[in-house]
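[1] Sharing a sequence plus its predicted fold:
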Amino acid sequence: MLHKDTKISVLGDGGWGTTLSLLLAGKGYHPRLWGAFPIYVEEMRKKRENFKFLPGLHIPENLLLTSNLTEALASEYLVLAVPSQFMRAVVRRLKKRGLAGKTFVVVAKGIETRSLKVMSQVVREVLGPVKLAVLSGPNIAREIALKMPAAASVASDDRATAKRVREIFSSEYFTLFESSDMLGVQLGGSVKNVIALCAGMVEGMGLGSNTRALLLARGLAEMARLGEAMGAKRETFMGLSGLGDLATTCLSPHSRNRSLGCEIGKGKKLNEILKETEMVVEGVETAKAVHRLAKKYRIAMPISEAVYKILFEHEKPELAVKALLNSGLRRELD
């Protein structure tokens, strides 16, 4: 049984990192929340609010805010919540420090564009065979911060580690289910962001529920097809980190990926939207990685390919609809 004096640090003060820190503080822990920008961390400390990424939510006194990485690393559990494309740079800063006995919990969703690795692979490539778990699911940060019921998957190649992480984060409104498929859980949480961009495009074009249902079904098939080719378990994509996360991200008005896709569907350019967006939209970079993975594994991913072409090759959003209707596949379960 874990004690409330167990030291936990969350690296990354975005909406999700802050939400998990609030959850831990609410359970009686004294978590540290680390941010990379000292001026902003000091503003949060004064206002007791993450006014950029989780406005309106009070930060209690037992949630310690810091921009000092050494201070943050004085914990047994390190929760990695920095955006996926910055993960390697942050983890490299940890490499020369004492990491014996520490457990890492990856909560960032994404695939590193250069290496095509999921975040657990990036962490272990840099740090070696550390204890590690990944947490992913249909988790809109604000809803969980408001204590609306939600659940997620926690996966590890060590059952005891998965159990301990589940115990730390489970609460009366947040349930975790254990899995051994770290790759599948991470791929589901990453690729669904690309499908959610397409969901937004469909909405922005004014199309209806039938089209969105088609997108969800065929998007799930794409995710599972890629995962299976890469060595993940197909059934993982039918669970919280696959179907559950896909549905939430495609349908929620709070989804950054869906919202960006909606603007594309209305005719705005990607660069214009990103200039106006403070938060990282993970699906944009993930679309590049998925495009390369589909080619590498020779997997048909017409929806993801259409998103890539719309974002980066100046194709019209209508291409997304063509991809849905004319995928080249004739058997539904292919």
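    Here it is on my side, so go on.
[2] For L311, give me its contacts.
    By C-beta atoms under 8 Å, 6 or more residues apart in numbering, the contact list for L311 reads L197, I264, L270, V284, A287. All C-beta spots, glycine's among them, are computed from the backbone N, C-alpha and C.
[3] Could you export the residues you listed as JSON lines, including pLDDT and secondary structure?
    Below are these laid out as JSON lines (pLDDT from 0 to 100; DSSP: H, G, I helix; E, B strand; the rest coil):
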{"residue": "L197", "pLDDT": "96", "secondary structure": "helix"}
{"residue": "I264", "pLDDT": "95", "secondary structure": "helix"}
{"residue": "L270", "pLDDT": "94", "secondary structure": "helix"}
{"residue": "V284", "pLDDT": "94", "secondary structure": "helix"}
{"residue": "A287", "pLDDT": "96", "secondary structure": "helix"}
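[4] Let's have these in a markdown table, adding neighbour count and distance to N326.
    Output for these, formatted as a markdown table (neighbours: other C-beta atoms under 10 Å; distance: C-beta to C-beta, whole Å):
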| residue | neighbour count | distance to N326 |
| --- | --- | --- |
| L197 | 36 | 19 |
| I264 | 24 | 20 |
| L270 | 17 | 24 |
| V284 | 24 | 25 |
| A287 | 26 | 20 |
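[5] would you turn the residues you listed into a markdown table with distance to G244?
    Shown next, in a markdown table, are the contacts of L311 (distance: C-beta to C-beta, whole Å):
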| residue | distance to G244 |
| --- | --- |
| L197 | 18 |
| I264 | 25 |
| L270 | 28 |
| V284 | 22 |
| A287 | 21 |
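[6] from those residues, which is closest to L246?
    L197 (12.1 Å; C-beta to C-beta).
[7] what's the most distant pair in the contacts of L311?
    Using C-beta to C-beta, the two most remote members of the contacts of L311 are I264 and A287, lying 11.5 Å apart.
[8] Now list whatever residues contact both of those two.
    By the contact definition C-beta under 8 Å, 6+ apart, I264 and A287 are jointly contacted by L197, L311.
[9] end to end, how far does stretch 152-161 reach?
    For stretch 152-161, the first and last residues are 16 Å from each other (C-alpha to C-alpha, to the nearest Å).
[10] all strands in the chain, in order from the N-terminus.
    8-11, 32-34, 49-50, 54-58, 64-66, 77-80, 103-106, 131-136, 150-155, 174-179 (DSSP state E).
[11] So what's the gap between the fifth one and the chain middle?
    Spelled out, it's strand 64-66. Computed by C-alpha atoms, centre = their mean, to the nearest Å, the separation of strand 64-66 from the middle of its chain amounts to 23 Å.
[12] can you check the shortest one too?
    For strand 49-50, the gap between its own C-alpha mean and the chain's C-alpha mean amounts to 21 Å (C-alpha atoms, centre = their mean).
[13] ok, now the second one?
    Computed by C-alpha atoms, centre = their mean, the separation of strand 32-34 from the middle of its chain amounts to 19 Å.
[14] Next: the fourth one.
    The chain centroid and the centroid of strand 54-58 are separated by 20 Å, computed with C-alpha atoms, centre = their mean.
[15] Looking at it now, give me its mean pLDDT.
    For strand 54-58, mean pLDDT is 97.
[16] ok so, going back, just the closest of the contacts of L311 to I8, please.
    V284 (30.4 Å).
[17] neighbours of the closest residue to T6 other than its chain neighbours, just the number please.
    Closest residue to T6 apart from its sequence neighbours, by C-beta to C-beta, 6 or more residues apart in numbering: E76 at 6.0 Å. By other C-beta atoms under 10 Å, the residues close to E76 number 13.
[18] hang on, the earlier thing: can you tell me which of the strands of the chain comes nearest to K192?
    K192 lies closest, by C-beta to C-beta, to one member of these: strand 131-136, at 9.6 Å.
[19] and that closest one, which strands flank it?
    The strands beside strand 131-136 in its sheet (DSSP bridges) come out as strand 103-106 (parallel), strand 150-155 (antiparallel).
[20] First-to-last residue distance for stretch 70-86?
    End-to-end distance for stretch 70-86, by C-alpha to C-alpha: 19 Å.
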